[in-house]
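Sequence unavailable; structure follows:
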């Protein structure tokens, strides 16, 4: 079945460490997105990529970095510069924008 | 991007229709209205979208007012599994498909 796989589902890291969240899709979608969700709140856009080797900052990109070396993969690195990284992170993709996003099941990151 | 306003919470009796409103008074002519829902700790699920005509699919109906400043998502026969957070977003397709999800409406379906 086609879909988006995010791994791991739960991630614990010490403060000050960089951590990379995986997002892989086999839907052949060109566009991919990373969103952050805090408890009881909506989704905020971190980064997005419309094609391979190209990506753009979203509304809250500070403290995050991404790469898009392959169409299928859009990993997100949460750096030590992100002041409050504990959150639920969601990856999404779309084929042609019109048919909406397909979301992964999310990664819950806890920094201790 | 146009902003949306939704009530924070709503209740609905099981088997009855759930009508979820959304205001998007600053919507422009080429922006679509999309609805998603998110069950706790999962990724949001696409429900339906529309531009100016009413739309229906196997999950729900979308009613958009003639001036396009508001819309209503209708779940015709709500079940307990429809309990979720429902997000209404406005999307300009030529804006790289990016959008911001507000806080949504928490729908609780009660037996």
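In hand now; what should we look at? Everything numeric here is computed off the predicted structure, so don't read it as measured data. Numbering: from 1, shown residues only, chains lettered A, B, ... in the order given.

what does chain B have sitting close to chain A?
B:32, B:34, B:36, B:41-46, B:49, B:87, B:91, B:93, B:96-104 (Cβ under 8 Å from any Cβ of the partner chain). Where you see a C-beta, it was placed from the backbone N, CA and C, and this is true even at glycine.

where in the chain is pLDDT low?
Picking chain A for this. Per-residue confidence for chain A (pLDDT under 70) gives these ranges: A:1.

looking at chain B here, not the other one
B:1-2, B:93-97.

what's near enough to touch the residue in it that chain A sits nearest to?
Here the residue of chain B nearest chain A is residue B:43; by Cβ to the nearest Cβ that distance is 3.1 Å. Taking Cβ atoms under 8 Å, 6 or more residues apart in numbering or on different chains as the contact definition, residue B:43 lies against A:4, A:90, A:92, A:103, A:104, A:105, A:106.

Wait, a helix at it?
No. Going by DSSP: H, G, I helix; E, B strand; the rest coil, the assignment for residue B:43 is coil, not a helix.

what's the nearest residue to it if we skip its chain neighbours?
Distance criterion Cβ to Cβ, 6 or more residues apart in numbering or on different chains; nearest residue to residue B:43, sequence neighbours excluded, is residue A:103 at 3.1 Å.

correct me, but the one you found touches residue B:39?
No. Between residue A:103 and residue B:39 there is no contact under Cβ atoms under 8 Å: 11.5 Å.

Which neighbours do those two have in common?
residue B:45.

Those two - which one has more neighbours?
A count of neighbours by other Cβ atoms under 10 Å in any protein chain shown puts residue A:103 above the other of residue A:103 and residue B:39, at 23 against 13.

list the contacts for that one?
Per Cβ under 8 Å, 6+ apart, neighbours of residue A:103: A:4, A:90, A:91, A:92, B:43, B:44, B:45.

Please determine how far it is located from residue B:68.
The spacing between residue A:103 and residue B:68, counted by Cβ to Cβ, to the nearest Å, is 26 Å.

Same check on residue B:86?
From residue B:86 to residue B:68 the distance is 19 Å (Cβ to Cβ).

Likewise for residue A:18?
44 Å.

Comparing these two, which shows the higher neighbour count?
Shown here are residue A:18 and residue B:68; by other Cβ under 10 Å, residue B:68 has more neighbours (19 against 13).

Test my guess that that one contacts residue B:52.
Yes. Between residue B:68 and residue B:52 a contact is recorded at 5.9 Å, counting by Cβ under 8 Å.

Just the buried residues of the host helix or strand of residue A:49, please?
Per DSSP states H and E: residue A:49 is located in strand A:43-51. By neighbour count on 16 or more other Cβ atoms under 10 Å in any protein chain shown, the buried set for strand A:43-51 is A:43, A:44, A:45, A:46, A:47, A:48, A:49, A:50.

cool, and stretch A:102-109?
A:102, A:103, A:104, A:106, A:107, A:109.

how about those residues, which pair is most distant?
Farthest pair in those (Cβ to Cβ) is A:102 and A:109. Separation: 21.2 Å.

Name the strands paired with the strand holding residue A:49 and say parallel or antiparallel.
strand A:31-37 (antiparallel), strand A:54-57 (antiparallel) (DSSP bridges).

most packed of the ones you listed?
Stretch with highest mean neighbour count among the strands paired with strand A:43-51: strand A:31-37 (a mean of 25; mean count of other Cβ atoms under 10 Å in any protein chain shown).

Residues in contact with it: which ones?
A:23, A:25, A:43-51, A:58, A:60, A:64, A:66, A:68, A:74, A:76, A:87-95, A:97, A:101, A:106, B:96-98, B:101.
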